[in-house]
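J.: Provide a 3D model corresponding to the input given below.
(chains A and B)
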There are 2 protein chains.
Amino acid sequence: MSDTINLSLNQVRELSESTLISNGFNEQHAQAITDIIYTNQIGDCQSHGLYRLFMCVESIRSGRVNGTSEPTIIDAAPSVVRADANDGISLLALRAAMPLLIKKAKNNGVAALAINRCFHFSALWPEVEMLSTEGLAGMAMLPSHAWVAPAGGTRGLLGTNPFAFSWPRDGQAPFTFDFATSQFARGEIELYRRAGKPLPNGVAIDKDGQPTTDAEAAMDGAMLTFGGHKGSALSLMIELMAGPLIDDLTSKESMEFAEGKPEAPYHGEIILAFDPNLLSGGRVPQNHDRAERLFADVLDQGARLPSQRRQAAQAANQAKGSVEISTALYEDLLKLKQA
Amino acid sequence: MSDTINLSLNQVRELSESTLISNGFNEQHAQAITDIIYTNQIGDCQSHGLYRLFMCVESIRSGRVNGTSEPTIIDAAPSVVRADANDGISLLALRAAMPLLIKKAKNNGVAALAINRCFHFSALWPEVEMLSTEGLAGMAMLPSHAWVAPAGGTRGLLGTNPFAFSWPRDGQAPFTFDFATSQFARGEIELYRRAGKPLPNGVAIDKDGQPTTDAEAAMDGAMLTFGGHKGSALSLMIELMAGPLIDDLTSKESMEFAEGKPEAPYHGEIILAFDPNLLSGGRVPQNHDRAERLFADVLDQGARLPSQRRQAAQAANQAKGSVEISTALYEDLLKLKQA
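T.: Numbers count the residues shown, from 1 in each chain, chains lettered A, B, ... in the order given. Sure, this is the predicted structure:
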C-alpha cells in the first residue's frame, strides 16, 4: 500500500458531504462545512482539510452540535449583522450572513458580523477571503479554550485566539494571513509530546507556572503567546472583541462549557469588513497600485508574503484536478461514514 | 542643581502651550497638542510628554507643518469620517472629527475615522481612550518610517507601526494597550548606540541583511518586527489599513517625503470605534461583568494588565498636582520658546 493516495477534487467534496450527512448534518450544513474543508484541502492545509471531519463528527455524536439548526440572521444596526448559529457549526451562519455583511460594508464603509452560539473548527482565512474576493478588506478573530497564559501569568486563561486579515488584489490571490496568537498550536505541542522531543524555549510553562521544554509538562501547564507581552495584549483584545463585545463566551467560559469533550469549541466570532472605495474617497486604483508596490518591495528583498505557499498549492492542485492525502488518513476517514 | 524638578500640572500646560504658540502654532493647534502632551506627561510617559515639544518645534521650523491649518471634516459615508489635516499636526483633526466618529459608532455599531495628510508625533493610547471614555471599544494604527524589515527580508520597508486598543470599564481606568510592532523602538536602539552596549539578539539586521547586535550597524541596517513572521504580518496589515485603504502614504513613501528631516512623520491614521451596545444586542451589563472576570483572572495569577503602571502614575500625579521631569530636559525646553 502506498503512503499517499490521490483524490480527485470531486472525491474530496463527495467524501466530506457524505460523511457529514451520514452522521446527521443536513444538506445545507454539510455543504457549508464541505466548502471550507475543500478549500483548505486543495491548499494542502492538511490540519484543516478532510482531517477536520473527525472533529465535526465527534461534535455531532456528542449530541451538543445541532446538525440541522437554521441560523437566525439579525439586521442589528446599520453596520452590524448578528448571526445566531443556534448551536450549529459556524459555517452555515457565516454563509447565510455574508451577503448582508458585504452589502453593509459597501454601503456604509465599515461593518461587523457577530456570529454567536456556534461550534467552530475551521481556519479563519477562508472567511476573510470571502471579503477580499468582493473587493473588501477583512479581519476576523475568535477565542478558543483557555490553554494559554497571559504574559507574566502562571496558568491558562486565553485561547490560541487566531487573528486573520485579507486584502483584495486585482487578478491574483489576495494578501492574507491567519495566525494563532499562541506561540505554538495546541496540536504542535502534542506532536512534540508523542515524538518525545523537547520544546523550544518560550513556548510553554508547567503547572507551577515555571518555563518548561517538556511537552508532557506543557500539556498539564499552559502555552505562551507569541511575541511576549505584545502578543498577550493582542490575545486579550481578541477575547474582548469576540467575547464580551458581541455577547459571547471567553475562552475560559468556552472550556468550562466543553467539559473536556474533544468536540469543536463553542463560542462566538467577529468579522470586520472595510470598503476601500468609501474609505479612500473613491481613489481605489491609485491605492491598489500603492499596495502592490508594498508587496513588490517585500518580494524584491527575498521575503515571502504570508499564504504564498498555500495559494500556490491551491493553484497547482486545481490545475491537476486532485489532491494527495495520506493513505492512513483516508482509511480512517472512510470509517467515519455511517452505514 | 537637583537632577529633577517638579512642575505643577498648570505649569506643564503653560509650558507646552506657550512654547507651541511662540513657535507659530495657533491657539487651537497648541491646545490640541498640549492636551496630549499633558496626558502623557502626567502618566510619566517621558518619551511622549513634554519631550515631544522638540519634535513639534522642529516640525514647524522646517516649514512643512502648517501650524494654523484648519482640518476639513468629511462625512464620507454612514460609518466613515474622513479628516484632512491639511498638513497640520494630527491632533486638531482628531479632536475635530472625534464627535462625529463617536456618533456614527453609537448609531451604526461600528465606524472608522481616517485622518489624512497629517504630521504625527504622539502615542496612540490617548486616541483610543477618547473612545473608551465614551463607552466604546477603540482600535488605532498608523505607519511611520521604513526602518523595519519584513520577516525574511534584508532591508527597511515597514514602519515601527504602532497598534493600540482600548476597552471601557465602569468607574475605573480602561483596559488599554499601545505597542510598536517593531521589536524595539527606534529611540531604544539609539540609546544602546550611545551607551556602546550590544543589542539583544533578534532586534536588528545590518545593511547586508545579516543579524547584528551592534547598535551602530543596526542604525545603518534595519530593525526587526516583534514576534517573527506574525508580527511582520501585522505590520503589513497596518501599512495597508492606515495607508492604501485610506488613500495615504506607506512608511516607505512617508520616509521619502521626509527627506531625512528630523520632523514628525507625515502620513495617515485609521481609528476604529465599536459600540458594545449594538454589537451585544443590548446586553452591556452582563458582558461588562464578563470582561471584568477576564481581567480579574489576569490579575489573580500575578500578571499585569497593560497600561497599569501608566494609569497608576496618572492617578498619583493628579492627586499630588505635579509631575517630576529632569532638570536638564526642563532647561532645554525653556530654550525652545521664542521671544
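J.: how many residues are close by A:Thr72?
T.: Neighbours of A:Thr72 under the rule other CB atoms under 10 Å in any protein chain shown: 15. Using the backbone N, CA and C atoms, a C-beta is placed for each residue, glycine as well.
J.: likewise A:Gly156?
T.: A:Gly156 has 22 nearby residues by other CB under 10 Å.
J.: now do the contacts for the one residue sitting closest to the centre of chain A.
T.: For chain A, the residue sitting closest to the mean C-alpha position, by CA atoms, centre = their mean, is A:Ala123 at 2.1 Å. Shown in contact with A:Ala123 (CB atoms under 8 Å, 6 or more residues apart in numbering or on different chains): A:36, A:40, A:45, A:48, A:162, A:164, A:178.
J.: how about the helix or strand containing the second one: buried residues?
T.: In this case it means A:Asn40. If you go by DSSP states H and E, A:Asn40 is part of helix A:27-42. By 16 or more other CB atoms under 10 Å in any protein chain shown, the buried positions in helix A:27-42 come out as A:28-42.
J.: alpha carbons of that helix, as PDB, please.
T.: Listed next in PDB are the C-alpha coordinates belonging to helix A:27-42 (Å, rounded to 0.1, in the frame of the first residue of the first chain):
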ATOM      1  CA  GLU A  27     -27.600  19.100   3.400                       C
ATOM      2  CA  GLN A  28     -27.100  22.800   4.000                       C
ATOM      3  CA  HIS A  29     -24.800  22.300   6.900                       C
ATOM      4  CA  ALA A  30     -22.900  19.500   5.000                       C
ATOM      5  CA  GLN A  31     -22.400  21.800   2.000                       C
ATOM      6  CA  ALA A  32     -21.300  24.900   4.100                       C
ATOM      7  CA  ILE A  33     -18.800  22.700   6.000                       C
ATOM      8  CA  THR A  34     -17.600  20.900   2.900                       C
ATOM      9  CA  ASP A  35     -16.900  24.200   1.100                       C
ATOM     10  CA  ILE A  36     -14.400  25.100   3.800                       C
ATOM     11  CA  ILE A  37     -12.900  21.700   4.200                       C
ATOM     12  CA  TYR A  38     -12.500  21.500   0.400                       C
ATOM     13  CA  THR A  39     -10.900  25.000   0.200                       C
ATOM     14  CA  ASN A  40      -8.400  24.000   2.900                       C
ATOM     15  CA  GLN A  41      -7.600  20.600   1.400                       C
ATOM     16  CA  ILE A  42      -6.800  22.000  -2.000                       C
END
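J.: which other helices and strands does that helix contact?
T.: With contacts taken as 3 or more CB pairs under 8 Å, 6 or more residues apart in numbering or on different chains; DSSP states H and E, helix A:27-42 sits against helix A:9-22, helix A:90-108, helix A:125-132, helix A:308-320, strand A:322-326.
J.: so what touches whatever helix or strand comes next after it?
T.: Next along the chain after helix A:27-42, taking DSSP H and E as the criterion, comes helix A:53-61. Residues from elsewhere that reach helix A:53-61, judged by CB under 8 Å, 6+ apart: A:15-16, A:19-20, A:23-25, A:33, A:37, A:65, A:67, A:89, A:119, A:121, A:261-264, A:332-333, A:336.
J.: helix A:53-61 - what's its average pLDDT?
T.: Averaged across helix A:53-61, the pLDDT comes to 94.
J.: dump it to CSV, keeping only the CA atoms.
T.: Extracted as CSV, the C-alpha positions of helix A:53-61 are listed here (Å, rounded to 0.1, in the frame of the first residue of the first chain):
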residue,chain,number,x,y,z
LEU,A,53,-14.1,15.7,9.6
PHE,A,54,-13.1,13.8,12.8
MET,A,55,-13.9,16.9,14.9
CYS,A,56,-17.1,17.6,13.1
VAL,A,57,-18.3,14.0,13.6
GLU,A,58,-17.2,13.9,17.2
SER,A,59,-19.0,17.1,17.8
ILE,A,60,-22.4,15.9,16.4
ARG,A,61,-22.0,12.5,18.0
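J.: can you list the buried residues in it?
T.: Judged by neighbour count using 16+ other CB under 10 Å, the buried positions of helix A:53-61 are A:53-60.
J.: just stretch A:332-339 next, same as before
T.: Under the neighbour-count rule (16+ other CB under 10 Å), stretch A:332-339 has A:333, A:336 buried.
J.: ditto for stretch A:63-83
T.: Buried residues in stretch A:63-83, counted by 16+ other CB under 10 Å: A:64-67, A:69-71, A:73-74, A:76-83.
J.: cool, and stretch A:195-206?
T.: Residues of stretch A:195-206 classed as buried by neighbour count (16+ other CB under 10 Å): A:199, A:203-206.
J.: now do the end-to-end distance for it.
T.: Start-to-end span of stretch A:195-206 (CA to CA, to the nearest Å) is 19 Å.
J.: so which residues make contact with it?
T.: A:149, A:154, A:183-184, A:189, A:192, A:211-215, A:217-218, A:220-224.
J.: now find how far off-centre that stretch is within its chain.
T.: Distance of stretch A:195-206 from its chain centroid, counting by CA atoms, centre = their mean, to the nearest Å, is 24 Å.
J.: what about that stretch, average pLDDT?
T.: The average pLDDT within stretch A:195-206 is 94.
J.: quick revisit: most packed of the helices and strands packed on helix A:27-42?
T.: Of the helices and strands packed on helix A:27-42, the one with the most neighbours on average (mean count of other CB atoms under 10 Å in any protein chain shown) is helix A:125-132, at a mean of 25.
J.: ok, A:Ile74 touching A:Ala85?
T.: No: judged on CB atoms under 8 Å, A:Ile74 makes no contact with A:Ala85 at a distance of 11.8 Å.
J.: near chain B, from the buried residues of stretch A:63-83?
T.: Counting by CB under 8 Å from any CB of the partner chain, A:74, A:76-80, A:82 from the buried residues of stretch A:63-83 sit close to chain B.
J.: neighbours of A:Phe226, how many?
T.: A:Phe226 has 25 nearby residues by other CB under 10 Å.
J.: I'd say it and A:Pro162 touch.
T.: No: using CB under 8 Å, A:Phe226 is not in contact with A:Pro162; the gap is 11.3 Å.
J.: in chain A, what residue comes closest to chain B?
T.: Residue nearest to chain B within chain A: A:Gly227 (2.9 Å; CB to the nearest CB).
J.: how about stretch A:282-302 as CSV, C-alpha atoms only?
T.: Taking C-alpha atoms only, stretch A:282-302 is exported to CSV below (Å, rounded to 0.1, in the frame of the first residue of the first chain):
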residue,chain,number,x,y,z
GLY,A,282,-13.1,56.8,-4.3
ARG,A,283,-9.4,56.5,-5.1
VAL,A,284,-9.2,52.7,-5.3
PRO,A,285,-6.9,52.3,-8.4
GLN,A,286,-4.2,54.6,-7.2
ASN,A,287,-4.2,52.9,-3.8
HIS,A,288,-4.3,49.4,-5.3
ASP,A,289,-1.1,50.3,-7.1
ARG,A,290,0.4,51.7,-3.9
ALA,A,291,-0.4,48.3,-2.1
GLU,A,292,1.1,46.4,-5.0
ARG,A,293,4.4,48.5,-4.6
LEU,A,294,4.4,47.5,-1.0
PHE,A,295,4.1,43.8,-1.8
ALA,A,296,6.7,44.1,-4.6
ASP,A,297,9.1,45.6,-2.1
VAL,A,298,8.6,42.6,0.3
LEU,A,299,9.2,40.1,-2.5
ASP,A,300,12.2,42.1,-4.0
GLN,A,301,14.2,41.6,-0.8
GLY,A,302,13.6,37.9,-0.8
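J.: hmm, that stretch touching chain B?
T.: Yes: in terms of CB under 8 Å from any CB, part of stretch A:282-302 sits within range of chain B, namely A:283, A:286-288, A:290-291, A:293-294, A:297-298, A:301-302.
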